[in-house]
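*Asks:* Kindly return the folded structure for what I paste below:
(chains A and B)
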2 protein chains.
Amino acid sequence: MKTAVILFAHGSRDPLWRKPMEAVAQRLAARSPGTPVRCAYLELTEPDLPTAASELAGLGLRQVSVVPMFLGAGRHVREDLPQIVADLRAAHPGIDWQLQRPVGEDERLLDLLAELATPAIP
Amino acid sequence: MKTAVILFAHGSRDPLWRKPMEAVAQRLAARSPGTPVRCAYLELTEPDLPTAASELAGLGLRQVSVVPMFLGAGRHVREDLPQIVADLRAAHPGIDWQLQRPVGEDERLLDLLAELATPAIP
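*Replies:* Numbering: from 1, shown residues only, chains lettered A, B, ... in the order given. I've put the predicted structure just below:
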């Protein structure tokens, strides 16, 4: 069963803001060429999550992994996002929507951030 | 010359939001025990950057590295933050304030995010 991925981020008025999300999507596609991947945004940047989800649903996929691209998890991740995913499950019941934990909870990411922030000459 | 680090993030009304930033600060302190490290926030979470900066300035430091803990860089990172750092340079001219690039521009971070988002069974 093929799994698609949606990288879900906050969004911004600034058109450059989305660049890292798109860079991650490109890298994911390079790592895993058979995996459809889309970016989607909570606000201010398009597409939103329902739009990206409908597009993937049109491809006949059975499983979609939604990855919250958030370092800190506040209301957006812990309240807004579960509600949006609940709505997706109701709108597309034939698809298994898998809501992942936010990237900022991953130990490897925390380690790498600490490494990046460590001064070269402390 | 000892360098201190300020991990600068957006902030949130949600008290749990800051947990990853504090986790990164703890890991940095463990990696580099001689490096003073503080978290600071643009809005909604305390302390703000001038407050954290004044605290470090009181320690007699000569160099402070400000690391933007942002995946996407929009107005907050490209306009607000340089202005705050310019104000810090004016307020504390004896300190070398080094504004780093946002973590979301680091190639290793983008690679790791792609790895984390890749489905186990694509």
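*Asks:* list the buried ones in stretch A:82-94?
*Replies:* Residues of stretch A:82-94 classed as buried: A:84-85, A:88, A:92 (neighbour count, 16 or more other C-beta atoms under 10 Å in any protein chain shown). Every residue, glycine included, has its C-beta placed from N, CA and C.
*Asks:* just the residues you listed now: which is nearest A:Ala57?
*Replies:* A:His92 (4.7 Å; C-beta to C-beta).
*Asks:* rewinding a little: which member of the buried residues of stretch A:82-94 is positioned nearest chain B?
*Replies:* A:Val85 (15.8 Å; C-beta to the nearest C-beta).
*Asks:* State whether that closest one is indeed within a helix.
*Replies:* Yes. Assigned with DSSP: H, G, I helix; E, B strand; the rest coil, A:Val85 falls within a helix.
*Asks:* Take the buried residues of stretch A:82-94 and lay them out in CSV including pLDDT.
*Replies:* Formatted as CSV, those follow (pLDDT from 0 to 100):
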residue, pLDDT
A:Ile84, 97
A:Val85, 98
A:Leu88, 97
A:His92, 96
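*Asks:* Would you reformat those residues as CSV and include distance to chain B?
*Replies:* Formatted as CSV, the buried residues of stretch A:82-94 follow (distance: C-beta to the nearest C-beta, whole Å):
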residue, distance to chain B
A:Ile84, 17
A:Val85, 16
A:Leu88, 17
A:His92, 18
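*Asks:* pLDDT score for A:Met1?
*Replies:* A:Met1 is assigned a pLDDT of 60 by the prediction.
*Asks:* same deal with A:Ala25?
*Replies:* 98.
*Asks:* where's it relative to B:Val85, distance?
*Replies:* Per C-beta to C-beta, to the nearest Å, A:Ala25 is found 31 Å from B:Val85.
*Asks:* for A:Pro20, same thing?
*Replies:* In this view, A:Pro20 and B:Val85 are 21 Å apart by C-beta to C-beta.
*Asks:* so who does A:Thr35 touch?
*Replies:* Counting by C-beta atoms under 8 Å, 6 or more residues apart in numbering or on different chains, A:Thr35 touches A:2-5, A:28-29, B:118-119, B:122.
*Asks:* oh sorry, the question was meant for A:Leu7
*Replies:* Neighbouring residues of A:Leu7 by C-beta under 8 Å, 6+ apart: A:21, A:24-25, A:28, A:37-40, A:67, A:69, B:117.
*Asks:* All set, thanks.
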